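Chemist: Sequence and predicted structure are below.
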Amino acid sequence: MAVQLTGPEGFAFARRSVGPSRPPERLALVSRAGTLLFVVDRYEISFADGIRETVYLERLERLLRLDEDPDRGFYEANNAGTDPDELLEKLFATETKRHVGLLRSHFEARSPVAIEVHANVVYRLMQEDDWEAMLAFLNERLPEGGALSIEEIKNFDVEAMIAFDPEEDEPAREDGTGFVMYFHEQDEEDDGLPLLGLCILAHAVVHDIDWMDVEEEPLYDRVLWRAG
């Protein structure tokens with residue numbers, strides 16, 4: 001089953017379940033463009049009676065009577081060279097330190113036996129900081145004479161690009177599907193990330209999005225505490 005990536009202005013990209021996986025958590029590292037974030041989606045608390053309760057991040061501060069913190073649950077890479085695994089481990093360690101004890105205390109009367117956190121990836125592309133860097137990443141991988149420009153991308157059909165089927169559709173440079181076809185053919189390179197980067201950049205350019213966050217389903221989880 002394909003993993004869904006979503007973003008503003010109707011962006012929807014289905015990662016393949018087989019072959020190059022196009023992991024968005026590696027896109028900033030490989031392209032040197034954009035920013036990686038891991039974001040807490042929810043906490044799952046299990047109780048001795050077998051019942052589970054879900055606490056979404058948006059509810060946490062109200063539930064635990066915490067001061068408002070817009071950065072709570074958000075873990076942003078310091079730079080494009082940040083290792084995704086290290087950032088994810090930071091999330092797990094910090095959540096354990098900051099919130100596990102508070103959640104245990106809040107639910108003490110119900111005898112909690114385990115607390116689990118679920119998180120998702122966010123890839124952020126900023127117009128001012130990242131468009132040219134992503135364009136350079138793509139052009140480095142295109143054949144001689146095939147370089148793209150932001151002006152050309154403005155005329156692309158991003159819906160046709162994302163829906164393009166290399167086995168059934170005829171590619172064309174003018175609408176961007178020719179570049180989709182090319183990167184499909186080179187799909188093993190960089191784990192398929194040039195194609196993902198192309199589709200994100202094209203969507204941002206065509207819709208003139210200054211700040212584009214692409215979110216993945218919450219695929220990462222860990223039990224942060226279990227009763228001994």
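Modeler: Everything's here; your move.
Chemist: Could you use CA atoms for every contact and neighbour count after this?
Modeler: OK.
Chemist: Break the protein down into its structural domains.
Modeler: 3-27+124-214, 36-123 (automatic domain parsing).
Chemist: Tell me which of these sits nearest to G228.
Modeler: Among these, domain 36-123 comes nearest to G228, with 8.4 Å by C-alpha to C-alpha.
Chemist: Mind checking the pLDDT average for that closest one?
Modeler: The average pLDDT for domain 36-123 rounds to 98.
Chemist: ends of it, how far apart?
Modeler: Domain 36-123 has an end-to-end distance of 5 Å (C-alpha to C-alpha, to the nearest Å).
Chemist: which ones are touching the spatially closest residue to R226 that is not a sequence neighbour?
Modeler: What sits nearest to R226 in space, not counting adjacent residues and going by C-alpha to C-alpha, 6 or more residues apart in numbering, is A114, at 4.2 Å. Residues counted as contacts of A114 (C-alpha atoms under 8 Å, 6 or more residues apart in numbering) are 45-47, 223-227.
Chemist: Who does A114 form a beta bridge with?
Modeler: With DSSP bridges as the criterion, A114 is bridged to S46, R226.
Chemist: and if you look at the one 10 residues further on?
Modeler: Per DSSP bridges, residues listed as beta-bridge partners of R124: T35, D213.
Chemist: What is the neighbour count of it?
Modeler: Using other C-alpha atoms under 10 Å, R124 is surrounded by 23 other residues.
Chemist: Do a quick rundown of the strands in the protein.
Modeler: For the chain, the strands defined by DSSP state E occupy 3-6, 12-15, 35-47, 52-56, 74-76, 112-126, 211-216, 220-226.
Chemist: Of those, which is nearest T82?
Modeler: Closest to T82 of the strands of the chain is strand 35-47 (C-alpha to C-alpha; 8.3 Å).
Chemist: So what's the gap between the closest one and the chain middle?
Modeler: Relative to its parent chain, strand 35-47 has a centroid offset of 13 Å by C-alpha atoms, centre = their mean, to the nearest Å.
Chemist: helices and strands around it, which ones?
Modeler: In this structure, strand 35-47 packs against helix 27-31, strand 52-56, helix 57-64, strand 74-76, helix 84-95, strand 112-126, with contacts taken as 3 or more C-alpha pairs under 8 Å, 6 or more residues apart in numbering; DSSP states H and E.
Chemist: now those as JSON lines including distance to A160?
Modeler: What follows is those, written out as JSON lines (distance: least, C-alpha to C-alpha, whole Å):
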{"stretch": "helix 27-31", "distance to A160": "22"}
{"stretch": "strand 52-56", "distance to A160": "35"}
{"stretch": "helix 57-64", "distance to A160": "35"}
{"stretch": "strand 74-76", "distance to A160": "32"}
{"stretch": "helix 84-95", "distance to A160": "31"}
{"stretch": "strand 112-126", "distance to A160": "21"}
